[in-house]
Each structure stands twice: as C-alpha cells, then as structure tokens.
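Participant: Coordinates for the following, if possible.
(2 chains, ligands or ions: 1)
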Amino acid sequence: MKRVYVNEKWCLGCHLCEYHCAFADMNEKDMARALKNVKIKPKIKIEERDGVSFAVSCRHCQEPLCVKGCITGALTRVDGVVTINRDKCVNCYTCILICPYGAISSSDDGVVQKCELCIKTVVGTPACVRGCPNGAIVFEERQ
Amino acid sequence: MKYVIIGNSAAGVGAVEGIRQIDIFGEIVIITNESHHTYSRPLISYFLFGKTTEEQMRYRGDSFYAENHCTLIQGTVTEVNAKTKQVYLSNGNQISFDKLLVATGSTAFVPPFEGLDLVDHKYTFMSFDDAQKLNNVLSQNKQVLIVGAGLIGLKCAEGILKRVAHVTVLDLAPKILSSILDDDSAKLVQFHLENMGLSFRLSCSVKRFEYNTAILDNGDRIPFDVLVLAVGVRPNTGLLKEVAQIDRGIFINEKSETTTPDIYAAGDCTQTFDVSSGQNKIMALLPNAYIQGECAGINMAGGKKSFDKAIPMNAIGFFGLHIITAGSYNGDAYTENKNGNYKRLFYSENKLNGYILVGNVEKAGIYTSLIRERTPLDTIDFVLVCEKPGLMAFTKNVRMVKLGGEKIK
Ligand SMILES: Cc1cc2nc3c(=O)[nH]c(=O)nc-3n(C[C@H](O)[C@H](O)[C@H](O)COP(=O)(O)OP(=O)(O)OC[C@H]3O[C@@H](n4cnc5c(N)ncnc54)[C@H](O)[C@@H]3O)c2cc1C
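Facilitator: Below is the predicted model:
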C-alpha cells in the first residue's frame, strides 16, 4: 500500500504540511482565510533543531501498538490505514503512551487525533504531501 | 483443530484475532461467566461519568463473533483436565479442546473486615454488572466511602463524584496511586483531585464496620450510604492450580505458553517477565492482555509469535489531568516540576528504566519505546530527549528507517 515517507534532507522546515493538514479537516474553501489567526493543531508535526527538520506523522504500522493497546476498540487498522472512531474514543491516552513515534496527539475535541492518510477528507494524495513544496514528504508504494 | 478460550475480554479477544490470522477454519469456543458482549472493562467508570454508553463500550463490533466464527458459551468453568483435554462447567457440561487459553483476568480482593456483612450498600468495581449496580444507587444526597486510593478506586471516584453528595477515599498508604506515582507527583494529583471536590483519608485503615459507619484504626468514624471496596485485585489462577506452574499469577513464557503443553494463558491472570526491571511480575493492564492473547492465539494455531517486551505501563486521567507512567523506578532520576507539569525519568547502566509524567504527556511513547527496546542511551541524544521527547534525539540513520522507509542495515 501507499504510505507517507519523509525525505529529511529536503525538508525546509516551512511548516506548510502542518497548515495543509489542518486545512484538510476544515471543510473551507480559502486556506489563507480559514487559517488566519487560528492556532492550528495538525496531525503531522515538524520537529526542528539546529538546522535539522523533518515531519512526523502516523506510520500506519503493520503491527500497530496503538491499535493493539487501545482500551476501547476505537483505533482499528482497515486496509492498512489506522483510523480512529471518534465516538468510541474516551481520551484515555493509552495510544499516546504506546506510540513509539509520538505520532498521536490530543485535540480540542475530547478525543485523540492522528493522521488517517486523509481518507476521510481528501481523495487521493494526502494534503500534507500535496502541500509540501520540496518533495520532503512523499506518498509512495514501496516494498 | 478446536480452540477453547476461557474469558471473553481483552486477552480472549486478542486470542481470537490471533488464531484467525493463521487458521480460518478451526473451531473456536469462548466461555464466559459475564452475560455481555465483549466490553471494555476500563470504561465502567466512564459509563458512570456519562462519557460512554453500553453500546459504545463494546470492545469489538456487534458482528465480532459471527465474523470470526466463534461460539460464545455462557457458563463458569470449574475444572481443567489437561490429560483428557476437557474443561468442566458448573452446569455439568464438559467441553473438549485441542488447545486451551486461560484468560480469566482477576477478581477484587475483599479483606475480611469485621462487620462488613452488615453493611447495606457495598460494592466492588470490576465489571459492568458492578457499575450498573452502583449506577442504581447513586443520587445527589448520598455519601460515598471508597476504600483504596489506587487506579480502580480513584477511577470509580472520578466516575461518581458529580453524581453524589460527597466522596471520601481512604487508603492505608500515605499517598494516592502508590503503585505508579512517587511522593511529589502523588501530591500534585491529590491536590488536583481535592480541588475537584474529593476528600482523602490517607495513612489510615478501617478497623471494622458498624452498619453504615466505618470505624478507623485511630477511632474516627466515617458514616456513609454507599461503600466501594477497591483494595486490590487477585489473579484468577485457580483453574490451573494442579495443572501448571503458578506463582502469584500463572507463569507464561514469551509465547504465552504455560508450563503444560497445549495450555496457554494471557492477561491479568498471568505473570511474566518485565524487561524494565528484569523481574517476573503481574502486569495487569489492557494492552499487555491483548498482546499476550494475540500472541497465544497465533501460537495455538501453529504460527510463530513472541512477546518479550512486556513492561508495566499506565495512561490514566482524572478530570482532564493526564498521567502516564511506565517501567520501573530504578536508578538515577531526571526531574522537572513546573507549572503543574511533572516529569521524572529513571535511568541506569545506559538504559531508561521508567518514567512518570503528569500534565504534559505529549509524545510519552518515545520514552516508552526507549524502555521497551532497552535502547542504549549513548546511541541517542539523551540530554535532548529528557527535555523534549522526539525522534530528533535519534541519529539521522535511525530516522531514515523510522520515517524514511529505509530497511534496517
Ligand atoms: C475500573 C477499572 C479500570 C481500569 N482501567 C484501565 C486502564 O485505564 N488501562 C488499562 O490498561 N487497564 C485498565 N484496567 C485493567 C484492564 O481492565 C485489564 O487489564 C483487562 O481487562 C485484562 O483483560 P483480561 O482479558 O486479562 O481479563 P478480564 O478483563 O478480567 O476478563 C476475564 C474474563 O474471564 C471471565 N472468567 C473468569 N473466570 C472464569 C471462569 N472460571 N469461567 C468463565 N469465565 C471466567 C471473567 O468473568 C471476565 O469476563 C482497569 C480495570 C478496572 C477494573
């Protein structure tokens, strides 16, 4: 299946992936207007320090610890994509405890959030990948 | 092949999903003495709080048993015969097996308090039935006494606090959550819970009950309408008493095998190797139960699976204050305590052994994985990771594998 991969050496640290991620969820037309003065909570996040930067989002692991550990059954892996059932999540943070990438985070909605490869919002290539100006995040089928 | 699973909870469900990864034809029989579709046990306090419903508490979808071709039998297993490969039920029925999984969980421990039999409204807090019974007696004029300030007692307290007049939590230990918190973090969490309206009586014990009054060892009297006993739990090991090796829990290895062939065990009823302390322990928590169950299922069906990275760990929250802890608290400590956020990491011999986070728990899983994988700390930027958990602390090459999809060299 296609996954999001990160080419660290091409990352500019511009944070556009974060904005595109946040915008993909908003159901708005104009990105600049929608995000103006908004504190975004994206599901992909840039880590940066001393000139090094890279984007981190869910790896959709083959054997996802978050899914196995989820106490409610809210996290599932269907057709390779780890998604969250927001009606079932109780915000217990067991997934935050267990994800080795730090790719699951809190949201403002009383449930946790994570990258779902845009399957619920955008058709085709995830928004972060489309929004990356330098090919530092790619969506590819690899062995 | 006929698989029999005793217990219809996290470990049992894990086993079904494990078996079906390998064997789609074998017969699976699940035996349970609870009369519910598989549900998430930790959610019983959220149910009382009103954050979830009976429907949403279901641990797996309505079609789980049908989809996985399982037969669910309600009954209590009273005996396991390893020689004839049969289990006996309390109604006299017997069921044969080729492979057996014991996933019987644990039971609330109720100390023999003097006068307890004359207390009207007393409950334990382990099952959905317990929660429903409690649900029926809660009202705004009730005084509740909870004995036990551990995970279960305090989750119960959170669940009912806003629905009753007053909740007092009593514990023998001088601090709350003594199994997972150190003194400073326990104080922080206690302060938060007191602000929310909970009262504590610590370092004291109940000497006896006089109807609806607890008489403490110092002579104090605490009247109550509802009593919840959350003193501790005991693993349900009895079925394998003469059958396999048992210490406090049923001994299992990394394949979830007991010491008897064709009999497996998983979850809260077991005891296994904790890589963070090097000791054999009961690690009664849901992620381990599921993973051990899945591992058992795969091996029962003839596949190959090992789970040799068990550690104690907990994610728990009270009224919006989150706590995440993992591993064992041995070695030197790195501590931060500011603005209501608490962090303490324990390390020795180039390894992270454990941690406590209260408040800001972001990316806690980075620490958990350092413990679980026994990552040598001199291969990462340990100073950085102490301050800020993240993949930045790893080398570029490690990140190429973790994020860039490169193969491990
Ligand atoms: C209030 C509460 C809150 C919790 N919160 C958390 C949390 O936040 N995070 C976390 O990780 N864990 C939490 N836990 C612990 C978690 O619920 C357990 O670790 C998990 O349920 C273990 O699963 P299990 O399948 O091993 O056993 P159990 O869930 O205990 O299931 C065992 C089943 O076997 C049945 N059984 C036992 N003996 C027999 C028999 N002889 N015949 C037939 N059936 C039998 C029992 O009735 C039960 O249905 C909590 C527990 C409680 C009580």
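
Participant: Check B:Gly405 and give its pLDDT.
Facilitator: With respect to pLDDT, B:Gly405 scores 87.

Participant: Now do the same contact list for it.
Facilitator: A:Arg3, A:Tyr5, A:Glu140, A:Arg142 (CB atoms under 8 Å, 6 or more residues apart in numbering or on different chains). All C-beta atoms are positioned from the backbone trio N, CA, C, and that covers glycine.

Participant: show me what contacts B:Thr375?
Facilitator: B:Lys351, B:Leu352, B:Ser369.

Participant: Would you mind giving the residues you listed as TSV with secondary structure, distance to B:Leu227 and neighbour count added?
Facilitator: Formatted as TSV, the contacts of B:Thr375 follow (DSSP: H, G, I helix; E, B strand; the rest coil; distance: CB to CB, whole Å; neighbours: other CB atoms under 10 Å in any protein chain shown):
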residue	secondary structure	distance to B:Leu227	neighbour count
B:Lys351	strand	44	19
B:Leu352	strand	41	30
B:Ser369	helix	41	20
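
Participant: Out of those, the closest to B:Arg60 would be?
Facilitator: Nearest to B:Arg60 among those, counting by CB to CB, is B:Ser369 at 26.6 Å.

Participant: Take the contacts of B:Thr375 and lay them out in TSV including distance to chain A.
Facilitator: Shown next, in TSV, are those (distance: CB to the nearest CB, whole Å):
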residue	distance to chain A
B:Lys351	16
B:Leu352	13
B:Ser369	4
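
Participant: so which of the residues you listed comes closest to B:Ile298?
Facilitator: For the contacts of B:Thr375, the nearest to B:Ile298 is B:Ser369 (22.3 Å; CB to CB).

Participant: what about the closest residue to that closest one other than its chain neighbours, which SS state?
Facilitator: Leaving aside its chain neighbours, B:Ser369 sits nearest to A:Pro100 (3.6 Å; criterion: CB to CB, 6 or more residues apart in numbering or on different chains). Under the three-state scheme (DSSP: H, G, I helix; E, B strand; the rest coil), A:Pro100 adopts coil.

Participant: For A:Pro100, which residues are in contact?
Facilitator: A:Pro100 sits next to A:Leu65, B:Gly365, B:Ile366, B:Thr368, B:Ser369, B:Arg372, B:Glu373 when contact means CB under 8 Å, 6+ apart.

Participant: These, buried ones only, as a PyMOL selection?
Facilitator: If you want just the buried ones from the contacts of A:Pro100 in PyMOL, going by 16 or more other CB atoms under 10 Å in any protein chain shown, the selection is:
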select buried, (chain A and resi 65) or (chain B and resi 365+366+368+369+372)
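
Participant: would you list every one of the helices in the chain?
Facilitator: Just going to use chain A. Per DSSP state H, chain A carries helices over the ranges A:16-24, A:31-35, A:65-69, A:94-98, A:127-131.

Participant: look at chain B instead
Facilitator: Using DSSP H, helices in chain B cover B:10-22, B:44-49, B:64-67, B:128-137, B:151-160, B:183-196, B:286-300, B:364-372, B:382-387, B:396-402.

Participant: any idea which of the contacts of B:Gly405 is the one closest to A:Asp109?
Facilitator: A:Arg3 (25.9 Å).

Participant: A:Lys9 versus the residue of chain A positioned farthest from its centre, what's the distance?
Facilitator: The C-alpha centroid of chain A is most remote from A:Asp50, which lies 23.7 Å away (CA atoms, centre = their mean). For A:Asp50, the distance to A:Lys9 equals 15 Å [CB to CB, to the nearest Å].

Participant: How is the chain divided into domains?
Facilitator: All of this refers to chain A. Domain segmentation of chain A under automatic domain parsing yields A:1-57+A:118-143, A:60-114.

Participant: um, chain B though
Facilitator: If you go by automatic domain parsing, the domain ranges for chain B are B:2-107+B:234-300, B:116-231, B:320-402.
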